[in-house]
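Colleague: next comes the sequence, and after it the predicted model I'd like to discuss.
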Amino acid sequence: GNHDLHTATIYASVGTTLGIAMSLQGDHVAVIGENRKLIIFPLAEVNEMTRGKGVRLQRYKDGGLGDIKTFTLKQGLIAYDRSDRARTFDGLKEWLGQRAQAGRLPPKGFPVGHSFGGGFGAE
């Protein structure tokens, strides 16, 4: 697979504008809102953003960004529960969309809350 390390600063509105600087690995981005809606879109959509301007990752009626994670789609999305046990989710076609869409509730068995676990923006 392609293991290029992309680095980007992602701005998401969480009340105030929050700048998250993180290294991005993989080919897709998963974003989960405080409303538990999950959306997955190609990392390339983030890379196209205007430098320093930030980019809207997900649309919210209420709440804001819960967590964000980059991953390789064919390896599946890993989320950690409160006991730090990893679960891998694949078959994510229903959640694939475009940046700035609202998303939908995560797959069955997804950890409670609005985080992928393992620390904010963690691998």
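Modeller: All right, it came through fine.
Colleague: so which elements touch the one helix or strand residue 32 maps to?
Modeller: Per DSSP states H and E: residue 32 is located in strand 28-33. Counting contacts by 3 or more Cβ pairs under 8 Å, 6 or more residues apart in numbering; DSSP states H and E, strand 28-33 packs against strand 38-42, strand 65-71. Where C-beta positions appear, they are placed from N, C-alpha and C, glycine not excepted.
Colleague: that strand pairs with which strands?
Modeller: Here strand 28-33 is paired, per DSSP bridges, with strand 38-42 (antiparallel), strand 65-71 (antiparallel).
Colleague: contacts for the shortest one?
Modeller: Identification of contacts with strand 38-42 by Cβ atoms under 8 Å, 6 or more residues apart in numbering yields 27-32, 57-58, 73, 77, 92, 95-99, 101-106, 110.
Colleague: among those residues, which lie within helices?
Modeller: Members of these lying in helices (criterion: DSSP state H): none.
Colleague: ChimeraX command for the buried members of those residues?
Modeller: Those of the contacts of strand 38-42 that count as buried under 16 or more other Cβ atoms under 10 Å are selected in ChimeraX with:
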select :27,28,29,30,31,32,57,58,73,77,92,95,97,99,101,103,106,110
